[in-house]
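Q: sequence plus the predicted model coming up.
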2 protein chains.
Amino acid sequence: MAHSIPKIDPKLDLVLERIVDVPPELVWASWTQPEHLMKWFTPVPWKTVECEIDLRPGGTFRTVMQSPEGQNFPNEGCYLEVVENVRLVWTSALLPGFRPRKSKSTCGPDEVSAFTAFILLEPSGPGGQGTKYTAVVIHSDEEGRAAHEKMGFHEGWGTALDQLVVAAKKMKK
Amino acid sequence: MAHSIPKIDPKLDLVLERIVDVPPELVWASWTQPEHLMKWFTPVPWKTVECEIDLRPGGTFRTVMQSPEGQNFPNEGCYLEVVENVRLVWTSALLPGFRPRKSKSTCGPDEVSAFTAFILLEPSGPGGQGTKYTAVVIHSDEEGRAAHEKMGFHEGWGTALDQLVVAAKKMKK
């Protein structure tokens, strides 16, 4: 099976690339085990209050984010590719079991555009104790990309990654 | 990896189940090799005039169907699961590379609802020379299922399967 980096289209896609000083195995655990994911997934003061993971193609990836005011925002998608410590792909365009998601408000301005996310991990640094971390989020159109960027993709995903590293270092001990 | 039969929701899903007298290997070849697929995929007098297959999760499944009047209808989706001779899953909700499809005419009545299709094959009969063939097509809502059924799902997919069997028997020789 080919596990190539997705072809990036700068008009449609968002990319976050960083070197972090925890190994791929801990980054993988942080993304794939609910008890770990809930510690870092949402930039404070937001919280992730629920997380359900069925780690296989077609399996559910469900989270509930909570705003500082206590409002809950559920998200549900499905995994597409699961290659331990290397590659995790999921999409919001399909529900668990690969069922196409029903568009919520297809004529209104409020709909969040569907996306597919790739988390790509490579060992980095002396002894592979760090990780080259690449997050790629692809959209169907420029509006979807722009909306996602405006929501704070780079700050949000970057801050969450900082939180992941802090939590992963505690996991090690 | 679990390859379970998808959970069927009769309100949202369409199912065609048949025993055919060609083995799973030939049914698989019929579905996964363009030169074979083009022979049976569209009930005559329609034709399949183009077919492109990149047989891996995320790979393209593209066909162009042609009406008796010569009008072309292109379709493009992406494979989700590829288990040789056993299980082929693709969706119209994602383009190749898992990119979410842009809704065409989200406010109009013309949009064909996205679907995910499962082709499930099991050896059947003496010496496994036949195949238990199950096609499951799942939708996001009842309207999508109803529209697909009204387009002639059972006749269309059933007739195409008859054509597949005829073509596969010629393949054997």
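A: Cool, got the structure.
Q: test my guess that A:Thr48 contacts A:Arg62.
A: No. If you go by CB atoms under 8 Å, A:Thr48 and A:Arg62 don't touch, sitting 10.7 Å apart. All C-beta spots, glycine's among them, are computed from the backbone N, C-alpha and C.
Q: packing partners of the helix or strand where A:Ser30 lies?
A: Element membership of A:Ser30 [criterion: DSSP states H and E] is helix A:24-32. Helix A:24-32 is packed against helix A:34-40, strand A:87-91, strand A:115-124, strand A:130-139, helix A:153-172, with contacts defined by 3 or more CB pairs under 8 Å, 6 or more residues apart in numbering or on different chains; DSSP states H and E.
Q: note down every partner strand of the shortest one and its orientation.
A: Applying DSSP bridges, strand A:87-91 is found paired with strand A:72-83 (antiparallel), strand A:115-124 (antiparallel).
Q: and the ones you listed, which is most packed in?
A: strand A:115-124 (a mean of 20; mean count of other CB atoms under 10 Å in any protein chain shown).
Q: worst mean pLDDT among the helices and strands packed on helix A:24-32?
A: Ranked on mean pLDDT, the bottom entry among these is helix A:153-172, at a mean of 91.
Q: and chain A, which residues reach chain B?
A: For chain A, the residues in contact with chain B under the definition CB under 8 Å from any CB of the partner chain are A:1-2, A:6-7, A:12, A:56-58, A:80-81, A:89, A:91-95, A:97-103, A:106-107, A:113-116, A:138-141, A:144.
Q: swap in 6 Å and give it another go.
A: Within reach of chain B by CB under 6 Å from any CB of the partner chain, chain A has these residues: A:6, A:57, A:80-81, A:93-94, A:97-102, A:106-107, A:114, A:116, A:138, A:140-141.
Q: make CSV from the strands paired with strand A:87-91 and add distance to B:Leu37 to it.
A: Below are the strands paired with strand A:87-91 laid out as CSV (distance: least, CB to CB, whole Å):
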stretch, distance to B:Leu37
strand A:72-83, 24
strand A:115-124, 26
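Q: for the ones you listed, which one sits closest to B:Gly130?
A: strand A:72-83 (32.6 Å; CB to CB).
Q: now do the closest one and helix A:24-32, the angle between them.
A: Between strand A:72-83 and helix A:24-32, the angle comes out at 140 degrees (axes from the mean of the first three to the mean of the last three CA atoms, to 10 degrees).
Q: run through who's touching strand A:72-83.
A: Here strand A:72-83 makes contact (CB atoms under 6 Å, 6 or more residues apart in numbering or on different chains) with A:55-59, A:61-66, A:87, A:89-92, A:94, A:96, B:57, B:98.
Q: now which of these would you call buried?
A: Among the contacts of strand A:72-83, those scoring as buried are A:57-59, A:61-66, A:87, A:89-92, A:94, A:96, B:57, B:98 (criterion: 16 or more other CB atoms under 10 Å in any protein chain shown).
Q: need phi/psi at A:Met151.
A: Here is the backbone geometry of A:Met151 (degrees, to the nearest 10): phi -70, psi -10.
Q: quick check: it vs A:Pro6, distance?
A: 21 Å (CB to CB, to the nearest Å).
Q: looking at these two, which one has more neighbours?
A: A:Pro6 (19 against 10; other CB atoms under 10 Å in any protein chain shown).
Q: so who does the more buried one touch?
A: For A:Pro6, the contact set (CB under 6 Å, 6+ apart) comprises A:Phe118, A:Val136, B:Gly97.
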